[in-house]
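**Student:** starting from these lines, generate the structure:
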Amino acid sequence: MTATRPAAAGPAADVPDAVRARAAGLVRTGRSFSLAATRFPGMPLFPGHPQFQVLSYRTPQGLRQAEENLWAPNPNEIGLGCMTEVVSGTVHSGAHVDALAHITVGEEGRWYDGANAREHLGDFGPTVGDASSMPPMFTRGVLLDLAGHRGVDCLPAGAVVDAAEVEDICAAQGVTIGQWDVVLFRTGYMGLWPDRARMAEHLTPGPDVSVARMLTERGVIAAGSDTETFEVQPAPDPGSPANPQPVHVHLLVDNGVYIMESLDLEELAAAKVYEFLFVALPLKIAGATGSMVDPLAVV
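**Tutor:** Okay, the predicted model is just below:
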């Protein structure tokens, strides 16, 4: 008897066409907000990730020095040149979405829907729940301005945001959280970007596991924030046995809800835009555990 293959994607793959159509109806002016900051070599990253680098590969000067014609056997009498590069680093550089295989639990290395390292991890990355199976996101987005609600530029280090506070923020902003939504949390952390020293002083505010449970109860397909870990760190209630990232486990591993991190939500919050069409197109890279994205909020 053949074992059932674990699901490759979470609920985001099942967004009905009618939901996308309603989300498109949120667009009134066509104004768009980019939710990603510019990536650059040496940019701040979560510890453990390789540094982001952009290295020149071919240059006009190099081609001239080598007397190389890339278009041969066609003649190049005008001195046509080109520039290409090698981009290296983690797919978790800057604004990104975590694939379902990003976080594992236990000695068996378990991730969403029973996938595990013994059966579903090869030399070139996970074979289930990797970036190649992440669906495009075109749905209703909701911004919750945590820092704005508390009247600060940036939440302090380790500030906990729980479900009760999220309910208060929703009421104050006049928004609701519903099925198929993408919910974004602004702590103000990206307002400090890319000042490493100032950012280090604010590690790391965010939602706790009560918020994660609320989000899955409401049926959201993804959640994101402007910090490098999404959830509050250190975890206020790691449980027993201790779990340093209970929000990640609840959303990604237990429920297949995608997580986005390092989103730049400053301009969106300044405009007081709390409901919008959210668009993000993850790169389909086999074996990758996430994807860099440049999401858009459109109103």
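**Student:** helices or strands up against the longest strand anywhere in the chain?
**Tutor:** In terms of residue count, the longest strand belonging to the chain (DSSP state E) is strand 137-145. Packed against strand 137-145, as judged by 3 or more Cβ pairs under 8 Å, 6 or more residues apart in numbering; DSSP states H and E, are the following elements: helix 17-24, helix 163-173, strand 182-186, helix 266-270, strand 275-280. All C-beta atoms are positioned from the backbone trio N, CA, C, and that covers glycine.
**Student:** in a helix, that's where S291 is, yeah?
**Tutor:** No. Counting by DSSP: H, G, I helix; E, B strand; the rest coil, S291 is located in no helix; its state is strand.
**Student:** what's across from it in the sheet?
**Tutor:** S291 has these beta-bridge partners by DSSP bridges: V97.
**Student:** about what we covered before: now the helices and strands packed on strand 137-145 as TSV including distance to P11 and mean neighbour count?
**Tutor:** Compiled in TSV, the helices and strands packed on strand 137-145 are given as follows (distance: least, Cβ to Cβ, whole Å; neighbours: other Cβ atoms under 10 Å):
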stretch	distance to P11	mean neighbour count
helix 17-24	11	14
helix 163-173	20	15
strand 182-186	12	27
helix 266-270	24	17
strand 275-280	15	23
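**Student:** make JSON lines out of these and add distance to T38 and mean pLDDT.
**Tutor:** Output for these, formatted as JSON lines (distance: least, Cβ to Cβ, whole Å; pLDDT from 0 to 100):
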{"stretch": "helix 17-24", "distance to T38": "27", "mean pLDDT": "98"}
{"stretch": "helix 163-173", "distance to T38": "28", "mean pLDDT": "98"}
{"stretch": "strand 182-186", "distance to T38": "19", "mean pLDDT": "98"}
{"stretch": "helix 266-270", "distance to T38": "13", "mean pLDDT": "98"}
{"stretch": "strand 275-280", "distance to T38": "17", "mean pLDDT": "98"}
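**Student:** nearest to W71, out of the ones you listed?
**Tutor:** strand 275-280 (36.9 Å; Cβ to Cβ).
**Student:** that closest one packs against which elements?
**Tutor:** Using 3+ Cβ pairs under 8 Å, 6+ apart, strand 275-280 sits against helix 17-24, strand 137-145, strand 182-186, strand 296-298.
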